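Colleague: Predicted structure and sequence below. I'll ask about it afterward.
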Amino acid sequence: MKQKIGMVLVLGVVFSGMVFAADPYVVQSVAGKVEREVSPGKWEPVAVGASLTAATVINTGLNSTLVLKNGDKTVTIRAMQKGTVENLAAAGSASGVRIGGKISSSNTAVNARGTSNTSTASTRASEAVADVEWAE
């Protein structure tokens, strides 16, 4: 009876490890300076073909890109990013330029140039000319 319980526990652990194991991210291309943290404070360059886990911390430098493949999904991580592969991949798929919106009101026919209470050099100069008395 103890052997059966032990065997069931071992099979349960092995099976759960296979089910919950995530596919690794495989590096497709690297442009610029891209590093991964191998230990706290120690970084090494990322090479094409390397396998990265979701918890791997990476740092992309200026003008750098990193293209990763996870199963059938391709992820591009842009320049000046630092964090785990999982977080950067999720942020990369959600980012981008969004065009849209609605202007509530606009009137371009009206001259937008008006007066304000802010004193500038030109307003101070025009006020100074009015105070000057000219001798003729």
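Modeller: That came in fine, so what should we check first? Model, not experiment: these values are computed from the prediction. Numbers count the residues shown, from 1 in each chain.

Colleague: Please report phi then psi for N87.
Modeller: When read as degrees, to the nearest 10, the backbone of N87 gives phi -70, psi -40.

Colleague: For the remainder of this discussion, apply numbering that starts at 684.
Modeller: Right, with 684 as the first residue, what we last looked at is N770.

Colleague: how about the helices in this structure?
Modeller: For the chain, helices defined by DSSP state H occupy the ranges 685-703, 768-777, 804-814.

Colleague: what's the neighbour count on the nearest residue to V758 once chain neighbours are set aside?
Modeller: Spatial nearest neighbour of V758, chain neighbours left out: A772 (4.3 Å); criterion: Cβ to Cβ, 6 or more residues apart in numbering. Every C-beta, even on glycine, is put in place using the N, C-alpha and C of the backbone. Using other Cβ atoms under 10 Å, A772 has 20 neighbouring residues.

Colleague: ok, A772 - contacts?
Modeller: Listed by Cβ atoms under 8 Å, 6 or more residues apart in numbering, the contact partners of A772 are Y708, L751, N753, V758, I760.

Colleague: Roughly how far does it sit from M690?
Modeller: 38 Å (Cβ to Cβ, to the nearest Å).

Colleague: just Y708 next, same as before
Modeller: For Y708, the distance to M690 (Cβ to Cβ) stands at 35 Å.

Colleague: Who has more neighbours out of those two?
Modeller: Y708 (24 against 10).

Colleague: from what I can see that one touches V768, true?
Modeller: Yes - using Cβ atoms under 8 Å, Y708 is in contact with V768, at 5.4 Å.

Colleague: Overlap in contacts, these two.
Modeller: L735, T736, A737, T739, L751.

Colleague: Please pick the buried ones from these.
Modeller: Buried by 16 or more other Cβ atoms under 10 Å: L735, T739, L751, out of those.

Colleague: residues contacting the residue nearest to the second one when sequence neighbours are not counted?
Modeller: The spatially closest residue to T739, leaving aside those adjacent along the chain, is V768, at 5.1 Å (Cβ to Cβ, 6+ apart). By Cβ under 8 Å, 6+ apart, the residues touching V768 are Y708, L735, T736, A737, A738, T739, I741, L751, I760.
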